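Participant: structure here, sequence nowhere to be found:
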């Protein structure tokens, strides 16, 4: 059976991620198939909207399938990764800019590439099991698939906190942070999808939004995350006597220093951006270099391949990495095109 189920039901184009054993991780072929379907449905007068969901209770999409990226990168082929990211980012832009409504229903893990599929839609639904995060700094990337734009627009300095700590958001936090719009209990989803397909209208019932416990720390986050550089931020956290600062610093120190330094540069630049393309272009500059000049291969080795959780990053987080991060974000000979 296909990893991506595509069909038309009533007035809706339906796309269902169908790799539950792999937490619906997005492959290159799935991304290309979804883009082709979106192109076809855009011009089909019978399709009034698109519904994207996923099979299984554990995940909407736990990210991109990185096995091929790692294997080709270790073999010295960075071109495959660059092509994968470029095509994936174009899909993200298409989802964000689509002329017809798109309804996404996100349960369980929605991480990385899953955010790119689910969190740029016009109508974003989360259920009670939703756990949304941007874990890229933990594997030597920056928050990508347009996620840097979402983080840049989060309240206060919460975007920097989420990006650097890779913290997971439950449904209430995801809505508060701007990664989702509506909470609907997952038991209600089949009937809701049937209604949407039958009417061709994205009429989402209103339910009370769950609590957002992470945002109880908003004041602390805004106070602690004022630094524009990683080494200064870590110094501020070290000098703060609170338990929250200590726990935050511990979380940050697990991740790639270069990735985090670049993330801190990216978010202010994107705060006033009106287009996802600005974010994707900046993200691609980093990811295109991440294998040869960054920590991506080492991050994947430590987290996924050897699973020793002991990455040997290229840089020391306590040093000033501004110049190194700026170099990763500099224009490429061939920047991303759409």
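Facilitator: That came through, no problem. Because the structure is predicted, anything quoted here is derived from the model rather than measured.
Participant: tell me the residue in the chain that is farthest from the middle.
Facilitator: residue 241 (31.8 Å; Cα atoms, centre = their mean).
Participant: need the three-state assignment for that residue.
Facilitator: The three-state assignment at residue 241 reads coil, by DSSP: H, G, I helix; E, B strand; the rest coil.
Participant: do you know the pLDDT at it?
Facilitator: pLDDT, residue 241: 97.
Participant: next: residue 114.
Facilitator: 98.
Participant: same thing with residue 25?
Facilitator: Residue 25 is given a pLDDT of 96.
Participant: let me see the contact set for it.
Facilitator: 19, 61, 62, 63, 64, 65, 66, 113 (Cβ atoms under 8 Å, 6 or more residues apart in numbering). To be clear about C-beta, it is placed using only N, CA and C from the backbone, and glycine gets the same treatment.
Participant: hmm, try it at 6 Å
Facilitator: Counting by Cβ atoms under 6 Å, 6 or more residues apart in numbering, residue 25 touches 62, 63, 65.
Participant: closest to residue 43 out of the residues you listed?
Facilitator: residue 65 (29.1 Å; Cβ to Cβ).
Participant: the closest one: what's it in contact with?
Facilitator: Residue 65 touches 25, 27, counting by Cβ under 6 Å, 6+ apart.
Participant: if you set the cut-off to 10 Å instead, what comes out?
Facilitator: Applying Cβ atoms under 10 Å, 6 or more residues apart in numbering, we find residue 65 in contact with 3, 19, 22-31, 84, 113.
Participant: what pLDDT does it get?
Facilitator: Each residue has a pLDDT score; the one for residue 65 is 85.
Participant: what of residue 143?
Facilitator: 98.
Participant: how much space between it and residue 161?
Facilitator: Per Cβ to Cβ, to the nearest Å, residue 143 is found 12 Å from residue 161.
Participant: same thing with residue 87?
Facilitator: Relative to residue 161, and taking Cβ to Cβ, residue 87 is found at 30 Å.
Participant: which of these two has more neighbours?
Facilitator: residue 161 (24 against 13; other Cβ atoms under 10 Å).
Participant: skipping its backbone neighbours, what lies nearest that one in space?
Facilitator: Sequence neighbours aside, residue 221 is the residue nearest to residue 161 in space, at 4.7 Å (criterion: Cβ to Cβ, 6 or more residues apart in numbering).
Participant: to the chain's geometric centre, what's the distance from the helix or strand hosting that neighbour?
Facilitator: In this assignment (DSSP states H and E), residue 221 forms part of helix 218-224. Distance, stretch centre to chain centre, for helix 218-224: 23 Å (Cα atoms, centre = their mean, to the nearest Å).
Participant: I would like the residues contacting it, please.
Facilitator: 154-162, 165, 176, 212, 214-215, 217, 233, 236-237, 239-240, 242, 244-245, 248-249.
Participant: are any of the residues you listed buried, and which?
Facilitator: The neighbour count (16 or more other Cβ atoms under 10 Å) marks 154, 157-162, 165, 176, 212, 214-215, 217, 233, 236-237, 240, 245, 248-249 as buried among those.
Participant: among those residues, which ones are in helices?
Facilitator: Counting by DSSP state H, the part of these found in helices is 158-162, 165, 176, 233, 236-237, 245, 248-249.
Participant: got those as TSV, with distance to residue 204 and pLDDT columns?
Facilitator: Shown next, in TSV, are these (distance: Cβ to Cβ, whole Å; pLDDT from 0 to 100):
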residue	distance to residue 204	pLDDT
158	24	98
159	25	98
160	30	98
161	28	98
162	25	98
165	30	98
176	17	98
233	38	98
236	41	97
237	39	98
245	38	98
248	34	98
249	39	98
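Participant: just curious, which of those residues is nearest to residue 44?
Facilitator: residue 176 (35.7 Å).
Participant: out of everything not next to it in sequence, what's closest to the closest one?
Facilitator: Setting aside the residues directly before and after it, residue 176 is nearest to residue 212 in space (Cβ to Cβ, 6+ apart), at 4.2 Å.
Participant: same check on residue 238?
Facilitator: Counting by Cβ to Cβ, 6+ apart, the residue nearest residue 238 is residue 249, at 6.2 Å.
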